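>>> got a predicted structure here, sequence first:
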Amino acid sequence: MTEQSPAMRVLEAALPHVPFDGWSDATLKAALTDSGIDPALGAALFPRGPLDLALAYHRKGDACMVARLADMDLGSLRFRDRIAAAVMARLDLVEDKELVRRGTTFFALPHNAAEGGKAIWGTADAIWTALGDTSDDLNWYSKRATLSAVYSATVLFWLGDDSPGQQNTREFLDRRIENVMQFEKLKAGLQANPLTRALLAGPMKLLSGIRAPHRPDDLPGTMKDPL
């Protein structure tokens, strides 16, 4: 059995406390005590305290989702159904909805909202990457922005869903994806119209220079995920 990293030990020890104390200093302190990790090491692993702890939990979920998607046979599905399967795979991995509910409240705080938005974007990026997206232009951003909105709305619905097998959530997600598909059809129709295409020629030329970010992960001083 592979030995858990110190950060993973702290995170695992924190989970039973989150439903009662939220993603808080109290939870982190209790997790350090329960895991036997020295507080000084804990401060180094989670320099921003509960914020880094909550983000570590979210990233762990993303990583597990990517692993699950790699084992799933999605090739026979329509692309919209692959997206839906990926989102539901991410939600199905959650062992206790209260962990996410507490996280939603935590990231709704003004000083945590930016990091919460980045976390959702990271999930959308992980899904698109796992499904083989190769876009390198404006579409790279628009795909992730759209999926981030769909995912966020679905999570909020899912938190209150007690239907068998989360069927209501699956239907809600399908409707949100259908809304996106209708918008894409409208956009394609506008782009096919000669008059609209002429009017958008200038802005589209400017936007054509946008490229997806490329950042080497082996730069000196780059912090790796502590998990």
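Looks like it came in fine.
>>> neighbours around the nearest residue to Leu156 once chain neighbours are set aside, how many?
Leaving aside its chain neighbours, Leu156 sits nearest to Thr104 (7.3 Å; criterion: C-beta to C-beta, 6 or more residues apart in numbering). For every residue, glycine as well, the C-beta is placed using N, CA and C. When neighbours are counted by other C-beta atoms under 10 Å, Thr104 registers 14.
>>> buried stuff in the helix or strand harbouring Thr104?
Using DSSP states H and E, Thr104 sits in helix 97-107. With burial defined by 16 or more other C-beta atoms under 10 Å, the residues of helix 97-107 counted as buried are 97, 99-103, 106-107.
>>> now do the contacts for the residue lying closest to Trp23 once chain neighbours are set aside.
With sequence-adjacent residues excluded and distances taken as C-beta to C-beta, 6+ apart, Trp23 is closest to Ala54, at 4.0 Å. Applying C-beta atoms under 8 Å, 6 or more residues apart in numbering to Ala54 gives the contacts 23, 103, 106-107.
>>> same deal with Ile120?
148, 151-152.
>>> helices - which of these land there?
148, 151-152 (DSSP state H).
>>> any of those residues buried? List them.
Here, 16+ other C-beta under 10 Å leaves 148, 151-152 buried among those.
>>> which pair of the contacts of Ala54 spans the longest distance?
Trp23 and Phe107 (8.6 Å; C-beta to C-beta).
>>> just for this protein, where's the confidence low?
1-2, 183-212, 214-227 (pLDDT under 70).
>>> now do the helices in it.
Using DSSP H, helices in the chain cover 6-14, 18-21, 25-35, 39-45, 50-71, 79-92, 97-107, 113-130, 138-159, 167-192, 194-199, 201-207.
>>> and the fifth one with helix 25-35, angle?
For the pair helix 50-71 and helix 25-35, the angle between their directions (axes from the mean of the first three to the mean of the last three C-alpha atoms, to 10 degrees) equals 70 degrees.
>>> from the chain's centroid, how far away is helix 50-71?
8 Å (C-alpha atoms, centre = their mean, to the nearest Å).
>>> before we move on, the earlier item: of all the buried ones among the ones in helices among the contacts of Ile120, which comes closest to Gln167?
Tyr151 (18.3 Å).
>>> could you check how far the closest one is from Pro16?
Tyr151 sits 26 Å away from Pro16, taking C-beta to C-beta, to the nearest Å as the criterion.
>>> pull out the buried residues from stretch 22-34.
22-24, 27-32.
>>> name the surrounding residues that touch that stretch.
10-11, 13-14, 17-18, 21, 37-39, 42, 46, 49-51, 53-54, 57, 102-103, 105-106.
>>> alpha carbons of it, as CSV, please.
Provided in CSV are the C-alpha atoms of stretch 22-34 (Å, rounded to 0.1, in the frame of the first residue of the first chain):
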residue,chain,number,x,y,z
GLY,A,22,-16.9,23.8,8.1
TRP,A,23,-13.6,24.6,6.3
SER,A,24,-12.2,26.5,9.2
ASP,A,25,-9.2,27.0,11.4
ALA,A,26,-10.9,24.7,14.0
THR,A,27,-11.1,21.9,11.4
LEU,A,28,-7.5,22.3,10.3
LYS,A,29,-6.3,22.4,13.9
ALA,A,30,-8.3,19.2,14.7
ALA,A,31,-7.0,17.5,11.6
LEU,A,32,-3.4,18.2,12.5
THR,A,33,-4.0,16.8,15.9
ASP,A,34,-5.8,13.7,14.6
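>>> fine, thanks again, bye for now.
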